[in-house]
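Peer 1: Please find the sequence and the predicted model below.
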Amino acid sequence: MQSEDEKRLNEIIHTTNNRAKRTTIILEKKEREYIDSLIRDGKEPGIKPLISKMLSIYQNMMIQDWRFPGEYYCGISRVALVNVEILNTLFQQLPTEKWYECGKNIGAALKVSMETAFGLKTTNEENWEKAFHRLKIQGFGDCHIKDKYILIKSPFINYAEVWRGMLDGLLETKLDTKTSAPPLVFEIKTKHAL
């Protein structure tokens, strides 16, 4: 005859996979101290939210496909961790009249990458939020659409003409620049305008 504890253990073991499962992680002393310091300094609310966030980053950045050291891929696209100063230096070397065209080519490359890696047809307006989510995950900035406006908070690239070109190339739109300094605001003039 089974005791109550044995019955409960059996019940837990044989439950469906829909229930949350308890997992034990054994951390080295320095790892635990680091996590504790993040929580103590208010950078993380707790260990479970931290692990959930790490898993979300792992999934969204497709880290399982990364080849270390230094070869990072997100779908078919190789990703580099680049300082904003490097990109600013590159754009400063281009004449300003080339910024839009350069951005448009970047947007076209992003479109191919998103369509190939995620099956995301960026020219369909119903997918724009998903495309903006991908841009945010990849560090470009926090993009939002409201009515006929696109807003970019904390853009990685601060040049409005580059962004206008990127979005025109990615979404196949024609945009009008409303602000030239972050947060960037663009008005959608036409859709599928390439």
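Peer 2: Here it is on my side, so go on. Numbering: from 1, shown residues only.
Peer 1: Contacts for the longest helix along the chain, please.
Peer 2: Counting by DSSP state H, the longest helix found in the chain is helix 99-118. Here helix 99-118 makes contact (Cβ atoms under 8 Å, 6 or more residues apart in numbering) with 62, 74-77, 91, 94, 120-123, 130-131, 134-135, 159, 161-172. C-beta coordinates here come from the backbone N, C-alpha and C atoms, glycine included.
Peer 1: So what touches whatever helix or strand Lys130 lives in?
Peer 2: Secondary structure from DSSP states H and E places Lys130 in helix 128-137. The contact list for helix 128-137, computed with Cβ under 8 Å, 6+ apart, reads 60-61, 110, 114, 118, 120, 122, 141-145, 170-171.
Peer 1: From Gly46, how far off is the residue nearest the centre of the chain?
Peer 2: Taking Cα atoms, centre = their mean as the criterion, Ile137 is the residue nearest the geometric centre of the chain, at 0.7 Å. Remark: distance between Ile137 and Gly46 (Cβ to Cβ, to the nearest Å) = 23 Å.
Peer 1: What of Tyr72?
Peer 2: Taken as Cβ to Cβ, the span from Tyr72 to Gly46 is 28 Å.
Peer 1: Now do the helix holding Lys130 against helix 99-118, angle only.
Peer 2: Relative orientation of helix 128-137 versus helix 99-118 (axes from the mean of the first three to the mean of the last three Cα atoms, to 10 degrees): 100 degrees.
Peer 1: Stretch 75-94 spans what distance, first to last residue?
Peer 2: End-to-end distance of stretch 75-94 (Cα to Cα, to the nearest Å): 29 Å.
Peer 1: can you give me how far it is from the chain middle?
Peer 2: Offset of stretch 75-94 from its chain centre (Cα atoms, centre = their mean, to the nearest Å): 16 Å.
Peer 1: Mind jotting down where the strands sit in this protein?
Peer 2: For the chain, the strands defined by DSSP state E cover 72-74, 77-79, 142-146, 149-153, 173-177, 184-191.
Peer 1: which other helices and strands contact the fifth one?
Peer 2: It stands for strand 173-177. On a contact count with 3 or more Cβ pairs under 8 Å, 6 or more residues apart in numbering; DSSP states H and E, strand 173-177 meets helix 160-171, strand 184-191.
Peer 1: quick one: contacts of the first one?
Peer 2: Contacts with helix 160-171, where a contact means Cβ under 8 Å, 6+ apart, come from 91, 96, 99-111, 114, 122-123, 128, 131, 150, 152, 155, 157, 173-175, 177, 179-181, 184, 186, 191, 193-194.
Peer 1: Also stretch 85-96?
Peer 2: 99, 102, 156-159, 161-162.
Peer 1: Quick check on those residues: which are buried?
Peer 2: 99, 102, 157-159, 161-162 (16 or more other Cβ atoms under 10 Å).
Peer 1: In a markdown table, list these along with distance to Ile51 and pLDDT.
Peer 2: Supplementary listing: the buried ones among the contacts of stretch 85-96 in a markdown table, determined by distance: Cβ to Cβ, whole Å; pLDDT from 0 to 100:
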| residue | distance to Ile51 | pLDDT |
| --- | --- | --- |
| Trp99 | 41 | 95 |
| Cys102 | 40 | 95 |
| Ile157 | 32 | 89 |
| Asn158 | 34 | 89 |
| Tyr159 | 37 | 93 |
| Glu161 | 41 | 96 |
| Val162 | 37 | 95 |
